[in-house]
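*Asks:* Dropping a prediction and its sequence here:
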Amino acid sequence: MRVSVVGTGYVGLVSGAGLADAGHHVVCVDVDAEKVELINSGVPPIFEDGLEDQLQRVVGDRLSATTDLRAAVLGSDLTLIAVGTPFDGQHIDLGYVREASRQIGEALRDKDGYHVVVVKSTVVPGTTVDVVLPVLEEASGKRAGEDFGVGMNPEFLAEGAAVVDFTRPDRIVLGGIDERSQDALAELFAPFADATTVRTDPTTAEMIKYTANSLLATMISFSNEIGNLCAEVGVDVVDAMAGVHLDKRLSPVQPDGSRVRPGFLSFLAAGCGFGGSCFPKDVKALVAYGQDHGHPMPLLDAVITTNAAQPGRVLDLLREHVPSLAGTRVTVLGMAFKPGTDDVRESPSLPVTAALLRAGAVVTAYDPVAQDTAARVVGDDVVFATTLAEALDGADAVLLMTRWAEFERVPAVLRDLGQQPVVVDGRRLLPKDSVARYTGIGLRSSR
């Protein structure tokens with residue numbers, strides 16, 4: 001198929017490159033000419049593991065980028081809308097979605113033949129049918145279901161593993177206003193024949209996405225509540241959750257006695273909270289959506305409340321060892337909200353770093369990938385080290401905030417440096433006996 005993708009953020013670019021790699025001919029559209037130039041050079045404007053290799057395989061052959069949305073739509077059979085949907089504190093902002101829909105509709109006015117417009121952006125239930133479809137009809141002067149199709153195809157891409165998630169999907173939701181729209185989506189994803197597909201309407205497709213993210217966020221906040229209680233009563237949450245994970249419904253026992261360890265168990269582990277562009281925004285948006293429909297959602301409200309407080313737990317643990325932070329040399333390890341990405345949006349490291357600076361600490365940060373994106377957010381008051389050893393050298397305290405595999409070397413590097421700073425493990429990545437002065441989330445501090 002000939003596919004146009006409007007928006008080249010995480011979702012748009014990963015989807016475009018993945019579809020091109022699967023054999024489709026893809027044109028990515030963005031208003032940012034600099035991003036377009038990078039993509040056409042085979043250089044992704046974002047960091048995502050495996051994306052650059054994939055992009056370089058397809059650029060110039062089955063994938064190109066342009067700022068000309070009209071030409072991209074006229075030259076394709078199907079258009080994916082993958083623009084941002086920022087959250088304003090109350091509701092998601094559909095401004096970019098509306099504008100993309102309007103421009104697509106204007107192009108469709110002058111296009112012969114049937115075309116399908118598919119929303120890929122994460123939007124609250126009802127958006128595709130009640131917002132996108134009417135804008136397309138008004139701008140095109142045509143009728144949805146007769147002259148063009150409309151669909152909703154939610155993404156299930158975990159940052160840091162998005163390329164793999166797209167290439168080997170566990171499910172594909174084909175949300176369409178009619179069978180013809182669903183058939184077009186089925187053709188689009190035909191190369192991914194091993195994935196389970198769900199045919200449904202756009203509103204259900206939208207709800208599937210929000211429900212999936214809210215479930216995972218709830219698992220994280222549940223684990224953090226348990227971890228905070230464990231710390232109060234002298235139980236190590238790592239030991240407690242290890243026992244929980246052995247439930248055969250969570251880690252099934254194979255006939256040979258071995259166990260399957262599903263990836264979702266990582267969400268049933270205590271830490272310093274979730275971040276990123278999806279979980280915080282999507283849970284808040286679903287809560288607001290429920291309130292708008294007269295249905296309060298106290299459980300999801302509690303998920304957000306627990307998560308917002310969790311970075312502060314790291315600071316509380318630090319203050320147990322260093323009551324006054326003024327002049328204290330503190331190293332923050334990890335600025336990205338999770339490993340495998342340079343995304344620092346809603347990262348727990350940001351409020352922790354800001355609090356350290358307010359308290360007068362001398363802050364050094366290190367992240368294997370997110371140095372530049374973090375520096376643009378936290379400013380010049382934070383010194384960014386270029387290596388792990390440089391970051392640890394001379395530190396009075398170390399806060400481990402992201403589960404980068406490189407940080408497993410912290411104990412060895414500290415031994416080489418001959419230093420014993422207090423290590424506050426916000427992700428419970430390190431063995432608690434691996435450093436001389438250790439404390440962590442879900443563990444009573446022993447000083």
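*Replies:* Thanks, I have it.
*Asks:* Extract the C-alpha set from the helix or strand hosting Asp316 and format it as CSV.
*Replies:* Element membership for Asp316, per DSSP states H and E: helix 298-321. Extracted C-alpha coordinates of helix 298-321, given in CSV (Å, rounded to 0.1, in the frame of the first residue of the first chain):
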residue,chain,number,x,y,z
PRO,A,298,-11.3,7.3,42.4
LEU,A,299,-9.0,4.3,41.8
LEU,A,300,-7.2,6.0,38.9
ASP,A,301,-7.2,9.3,40.9
ALA,A,302,-5.2,7.3,43.6
VAL,A,303,-2.9,5.9,40.9
ILE,A,304,-1.9,9.5,40.0
THR,A,305,-1.7,10.7,43.6
THR,A,306,0.6,7.8,44.6
ASN,A,307,2.8,8.3,41.6
ALA,A,308,3.2,12.0,42.2
ALA,A,309,4.5,11.4,45.7
GLN,A,310,6.9,8.6,44.8
PRO,A,311,9.9,10.7,43.7
GLY,A,312,9.7,12.4,47.1
ARG,A,313,10.4,9.0,48.7
VAL,A,314,13.9,9.1,47.1
LEU,A,315,14.6,12.4,48.8
ASP,A,316,13.2,11.2,52.1
LEU,A,317,15.7,8.3,52.0
LEU,A,318,18.5,10.6,51.1
ARG,A,319,17.7,13.0,54.0
GLU,A,320,17.8,10.1,56.5
HIS,A,321,21.5,9.9,55.7
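*Asks:* List the buried residues in that helix.
*Replies:* Within helix 298-321, the residues scored as buried using 16 or more other CB atoms under 10 Å are 300, 303-304, 306-307, 310-311, 313-315, 317-318, 321. (C-beta placed from N, C-alpha, C; glycine too.)
*Asks:* Please apply the same query to stretch 189-196.
*Replies:* Within stretch 189-196, the residues that qualify as buried are 189, 192, counting by 16+ other CB under 10 Å.
*Asks:* And Tyr445, what's its pLDDT?
*Replies:* Careful, residue 445 is Ser; it's not Tyr. pLDDT for Ser445: 66.
*Asks:* The single longest helix found in the chain - what's its average pLDDT?
*Replies:* In the chain, taking DSSP state H as the definition, the longest helix is helix 202-233. Taken as a whole, helix 202-233 has a mean pLDDT of 97.
*Asks:* Okay, angle between that helix and helix 298-321 too, please.
*Replies:* Here helix 202-233 runs at 40 degrees with respect to helix 298-321, directions being taken by axes from the mean of the first three to the mean of the last three CA atoms, to 10 degrees.
*Asks:* Tell me the helix or strand right after helix 202-233.
*Replies:* Heading towards the C-terminus - elements assigned by DSSP H and E - helix 202-233 is followed by helix 237-245.
*Asks:* returning to that earlier point: mind exporting the helix or strand following the helix holding Asp316 as CSV, just the C-alpha atoms?
*Replies:* Per DSSP H and E, helix 298-321 leads on to strand 329-333 as the next helix or strand towards the C-terminus. The C-alpha trace of strand 329-333 is given here as CSV (Å, rounded to 0.1, in the frame of the first residue of the first chain):
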residue,chain,number,x,y,z
ARG,A,329,27.6,16.7,46.2
VAL,A,330,24.7,14.6,44.8
THR,A,331,24.9,12.5,41.6
VAL,A,332,21.7,11.7,39.8
LEU,A,333,22.0,8.6,37.7
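*Asks:* chain center to strand 329-333: distance?
*Replies:* Centre-to-centre, strand 329-333 and its host chain are 25 Å apart (CA atoms, centre = their mean, to the nearest Å).
*Asks:* next helix or strand past it?
*Replies:* The helix or strand immediately downstream of strand 329-333 is helix 349-358, counting by DSSP H and E.
*Asks:* Name the strands paired with the helix or strand just after that next one and say parallel or antiparallel.
*Replies:* Sequence order places strand 362-366 as the next helix or strand after helix 349-358, per DSSP H and E. In the sheet containing strand 362-366, the strands it pairs with under DSSP bridges are strand 329-333 (parallel), strand 383-384 (parallel).
*Asks:* if we compare these, which one ends up closest to Ser251?
*Replies:* strand 329-333 (29.3 Å; CB to CB).
*Asks:* ok, residues contacting the closest one?
*Replies:* Residues external to strand 329-333 that are found in contact with it (CB atoms under 8 Å, 6 or more residues apart in numbering): 318, 349, 352-353, 356, 361-367, 382, 385, 388, 391-392, 394-402, 404, 407, 410, 421.
*Asks:* Counting neighbours, what do you get for Gly18?
*Replies:* Residues contacting Gly18 under the criterion other CB atoms under 10 Å number 25.
*Asks:* Hmm, Gln54 and it touching each other?
*Replies:* Yes: with contacts defined as CB atoms under 8 Å, Gly18 counts as touching Gln54 at a distance of 7.2 Å.
*Asks:* Give me the common contacts of those two.
*Replies:* By the contact definition CB under 8 Å, 6+ apart, Gly18 and Gln54 are jointly contacted by Val163.
*Asks:* Would you indicate which residues of stretch 153-167 are buried?
*Replies:* 153-163, 165-167.
*Asks:* Now for those: which two are most distant?
*Replies:* Of all pairs drawn from the buried residues of stretch 153-167, the widest gap by CB to CB lies between Asn153 and Gly160 and measures 21.6 Å.
*Asks:* mind checking how far Pro262 is from Leu174?
*Replies:* The span separating Pro262 from Leu174 equals 25 Å under the rule CB to CB, to the nearest Å.
*Asks:* sorry, back to before: which of the contacts of strand 329-333 are buried?
*Replies:* Under a neighbour-count criterion of 16+ other CB under 10 Å, the subset of those counted as buried comprises 318, 349, 352-353, 356, 361-367, 382, 385, 388, 391-392, 395-402, 404, 407, 410, 421.
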